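[1] this one's sequence-less:
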């Protein structure tokens, strides 16, 4: 299966801990997008990365959140000192080329629960 | 910033009915996407279109660029079509997609 792989599928953290969400794009894709879906709300863009570069992080909260997409390995969305409001589904999507008219392929998401 | 509005928010129909979900957006776009999400599940891309009409099986998507409006149609609806259908747009100044709130569709047998 060469689809977008996200892990873990479910993640439980206590307030104050760190959460690391991983996304492996489709084979041959070098563009990754992270989106967040809060309970009872629509999806919201967080960050757009290409290999080793953050292109647009306008949707990312200014504190506690960071993202990377290293030359080797998956893209990581990191949330430090988690709070209850971080509980959400986090989706990753990938595309093969740059451009706003490119299809995006989504993963199954990571459901993050904060106790 | 683009605003994406979907209607209806909720839709319940009987098996076999013809379904229409509407989407409108406020500024010019590069492309419009229709996505499907089952409860607790992942997101599947159904269509990406920038003009005209596309068809895949029982699903049809149309877009009118001048009116900034798109529709998703489902013919001969089936209970397995029950899901949330989400309209999203790319372009309009943003790198990521801008999403509508989704339409919760239930098809009763």
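    Yep, it's here. Because the structure is predicted, anything quoted here is derived from the model rather than measured. Residues are numbered from 1 along each chain as shown, chains lettered A, B, ... in the order given.
[2] measure residue B:101 to residue B:19 for me?
    18 Å (CB to CB, to the nearest Å). (Each C-beta comes from the backbone N, C-alpha and C, glycine too.)
[3] repeat for residue A:43
    Going from residue A:43 to residue B:19 by CB to CB gives 22 Å.
[4] ok, residue B:63 next?
    To residue B:19, residue B:63 is 17 Å away according to CB to CB.
[5] of those two, which one has the most company?
    Counting neighbours by other CB atoms under 10 Å in any protein chain shown for residue B:63 and for residue B:19 shows that residue B:63 has the greater number, 22 against 19.
[6] so that one touches residue B:34, yeah?
    No. Contact criterion CB atoms under 8 Å: residue B:63 and residue B:34 do not qualify, at 9.8 Å.
[7] find the residues that touch each one of these two.
    Common contact partners of residue B:63 and residue B:34 (CB atoms under 8 Å, 6 or more residues apart in numbering or on different chains): residue B:70.
[8] hang on, residue A:31 packs against residue A:54?
    No. Under the criterion of CB under 8 Å, residue A:31 makes no contact with residue A:54, lying 11.9 Å away.
[9] quick check: which ranges of chain A have low pLDDT?
    A:1-2, A:99-100 (pLDDT under 70).
[10] let's go with 90 and repeat that
    Scanning chain A for pLDDT under 90 picks out the ranges A:1-2, A:28, A:39-42, A:51-52, A:96-103.
[11] check contacts around residue 98.
    Going with chain A. By CB under 8 Å, 6+ apart, residue A:98 lies in contact with A:31, A:50.
[12] meant chain B actually
    Neighbours of residue B:98 in contact, by CB under 8 Å, 6+ apart: A:45, B:1-4, B:25, B:88-90, B:92.
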